[in-house]
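Colleague: Fold the following.
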Amino acid sequence: MNNLNSILIEGNLVRDPLIKSTPKGNLVCNMTIASNRYIKSDPNSGFERETSFFDIEAWGKLAEAASQKGKKGRCARIVGRLKQTR
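Modeller: Below is the predicted model:
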């Protein structure tokens, strides 16, 4: 059986992406995405906004492109795999 680990997140960049180089010379870009969800919890009230924050890590040429095009507040769609670090 194949294990599938795929995720799609749409949201806004919380801050400008931060690009670094590893000791071996590989580029890595770190950024945080805020994604909003609107919930109608009570039929008599309006919608409530629930915001989730996701830390994103991109490598190589994708890291370079993300750091050049990404700016705080800009919309972004992230397609990748999920990795739990804690």
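Colleague: Helix or strand: which one has Glu50?
Modeller: strand 48-59 (DSSP states H and E).
Colleague: Check which element follows that strand along the chain.
Modeller: Next along the chain after strand 48-59, taking DSSP H and E as the criterion, comes helix 60-69.
Colleague: one step back: might you calculate how far the strand holding Glu50 sits from the centre of the chain?
Modeller: Offset of strand 48-59 from its chain centre (Cα atoms, centre = their mean, to the nearest Å): 5 Å.
Colleague: Kindly calculate the angle that that strand makes with helix 60-69.
Modeller: 130 degrees (axes from the mean of the first three to the mean of the last three Cα atoms, to 10 degrees).
Colleague: Would you mind pulling up the elements that strand 48-59 packs against?
Modeller: Using 3 or more Cβ pairs under 8 Å, 6 or more residues apart in numbering; DSSP states H and E, the elements in contact with strand 48-59 are strand 7-13, strand 27-39, strand 75-80. Glycine gets a C-beta too; all of them are placed from N, C-alpha and C.
Colleague: hmm, 6 Å instead?
Modeller: Identification of packing neighbours for strand 48-59 by 3 or more Cβ pairs under 6 Å, 6 or more residues apart in numbering; DSSP states H and E yields strand 27-39.
Colleague: Quick one: residues in contact with the strand it packs on.
Modeller: 9, 11-14, 17-21, 47-59, 63-64, 66-67, 76 (Cβ atoms under 6 Å, 6 or more residues apart in numbering).
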